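A.B. asks: show me the folded form of this:
(one chain, ligands or ions: 1)
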Amino acid sequence: MATVPWLVDVLRSAGVQVVVEGDWLNRMRPGSFDPIGVLWHHTASTSSATNPHPALNICINGRSDLAGPLCQALVDYHGVFHVISAGRCNHAGVSRGSGPIPAGDGNTLMIGWEIDYNGVDQEMTAAQYDASIAATAAVLTRLGRDAGHARGHRETSTTGKIDPSFIDLNVMRADVAAKMAGGTAWSSIVDNSTTGRFTASANWGVSSYSGQRYGADYRYADPVAASDPAWYRFNVPAAGNYRVDAWWPANAGYNSATPYIVATSTGNRTVTVDQRATGGQWRTLGTFALPAGDANRVAVSRWSSASGLVIADAVRLTRV
Ligand SMILES: [Zn+2]
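C.D. replies: Here you go, the predicted model:
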């Protein structure tokens, strides 16, 4: 395979928004290209709603020390895929080998997404994450490879790359696998704004302060030695094992020991997380046996002995 001229069609068929950037079919580096995997990166540029793709030009044209194109597609702040190249790009360098990806020429072995966020004090947006999962699943399906062939640059780099920051790559692969299963893996997200599925008392304020939020806003409350949880209601389709993931915006002023309660088939289980860190992404609380039915299933409790605001943003269940 010398090129992937199907890339735009495959992305669009997966529901990914695509912008074609000029002569993408003929813009590429010389040399071999026979991809078996997808590699995630971050650009180290600070994006925003009004400046959604600050690194696009450099990804197309390269920089003084590295000739472009620098990736097959750039993923902007809104989750739009800007397709740059159907061929070999300078994104991966040498692969040291990771999972099923062997050691060798990473630019031959992998298709690269440059996700446009700075990775130091900015996480990827939910839109970027969701689009990258859909795109990766679609491309790996087209390549005939499983979700293990999705990797992060920090896993394959021989030069100490840290990208993509703030993402648990095992959760990423689990999300890609679920997407590739074509809907057989039931999954559901309840955000604090989901109608009829989130309940919290008036003691929980509403904030849109953090850019790491899921959706438009999130809820916050002071810790207190009393029961005043925020509940997430799910319609669980069948008794079985479900992975429970939570998403919170992180901030130094948030709570270091926030209890999440999962109402399992055998009673409540509590998992404590540090909401000062690892925000703006799905974090796995664990896998739990849940009964079937529509009920309050996960809660964020205010009953924390630590100081700092307790945050209730989004929760996701995925059948495993
Ligand atoms: Zn990279």
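A.B. asks: what helix or strand is the most centrally placed residue in the chain located in?
C.D. replies: Note on the chain: the residue nearest the mean C-alpha position is Y129, at 3.5 Å, using Cα atoms, centre = their mean. Here Y129, judged by DSSP states H and E, is contained in helix 126-143.
A.B. asks: return that helix as CSV; C-alpha atoms alone will do.
C.D. replies: Extracted as CSV, the C-alpha positions of helix 126-143 are listed here (Å, rounded to 0.1, in the frame of the first residue of the first chain):
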residue,chain,number,x,y,z
ALA,A,126,-14.4,15.9,24.7
ALA,A,127,-15.1,16.6,21.1
GLN,A,128,-11.5,15.8,20.1
TYR,A,129,-11.5,12.6,22.1
ASP,A,130,-14.8,11.3,20.8
ALA,A,131,-13.9,12.1,17.2
SER,A,132,-10.5,10.5,17.5
ILE,A,133,-12.1,7.3,19.0
ALA,A,134,-14.5,7.1,16.1
ALA,A,135,-11.8,7.8,13.5
THR,A,136,-9.4,5.3,15.0
ALA,A,137,-12.0,2.6,15.1
ALA,A,138,-13.0,3.2,11.5
VAL,A,139,-9.5,3.2,10.2
LEU,A,140,-8.4,0.1,12.1
THR,A,141,-11.5,-1.7,10.8
ARG,A,142,-10.5,-0.7,7.3
LEU,A,143,-7.0,-1.9,7.9
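A.B. asks: which residues are in contact with the nearest residue to A221 once chain neighbours are set aside?
C.D. replies: Spatially, and ignoring its direct neighbours in sequence, A221 is nearest to W204 (4.6 Å; Cβ to Cβ, 6 or more residues apart in numbering). From N, CA and C alone the C-beta is placed, and that goes for glycine too. By Cβ atoms under 8 Å, 6 or more residues apart in numbering, the contact list for W204 reads 219-221, 228, 230, 312.
A.B. asks: I261 and the ion, how far apart?
C.D. replies: As judged by Cβ to the ion, to the nearest Å, I261 and the ion stand 38 Å apart.
A.B. asks: and that residue, what does it touch?
C.D. replies: Contacts of I261 by Cβ under 8 Å, 6+ apart are 229, 268-270, 298-301.
A.B. asks: confirm that N118 sits in a helix.
C.D. replies: No. Counting by DSSP: H, G, I helix; E, B strand; the rest coil, one finds N118 to be coil, located in no helix.
A.B. asks: okay, strands next: where are they in the stretch 1-150 of the chain?
C.D. replies: Shown for the stretch 1-150 of the chain, the strands assigned by DSSP state E, counting those that start in this stretch span residues 18-20, 37-42, 62-63, 66-67, 73-75, 81-83, 94-98, 101-105, 110-115, 150-152.
A.B. asks: the fifth one - what's its average pLDDT?
C.D. replies: Spelled out, that is strand 73-75. The average pLDDT for strand 73-75 rounds to 98.
A.B. asks: ok, now stretch 189-203?
C.D. replies: 96.
A.B. asks: neighbour-wise, which one of the contacts of I261 leads?
C.D. replies: V300 (29 neighbours; other Cβ atoms under 10 Å).
A.B. asks: what's the angle from the helix holding Y129 to strand 110-115?
C.D. replies: 170 degrees (axes from the mean of the first three to the mean of the last three Cα atoms, to 10 degrees).
A.B. asks: other SSEs contacting helix 126-143?
C.D. replies: Secondary-structure packing of helix 126-143 (3 or more Cβ pairs under 8 Å, 6 or more residues apart in numbering; DSSP states H and E): helix 7-13, strand 37-42, strand 73-75, strand 110-115, helix 169-180.
A.B. asks: what's the second one packed up against?
C.D. replies: For strand 37-42, the helices and strands in contact under the criterion 3+ Cβ pairs under 8 Å, 6+ apart are strand 110-115, helix 126-143, strand 150-152, helix 153-156.
A.B. asks: and that strand, anywhere near the ion?
C.D. replies: Yes. Contact of strand 37-42 with the ion (Cβ under 5 Å from the ion) involves H41.
A.B. asks: ok, and what's touching that strand?
C.D. replies: 71, 91-92, 100-101, 106, 109-119, 124, 132, 135-136, 139-140, 143, 145, 149-153, 156, 161, 163-165, 167, 169, 172.
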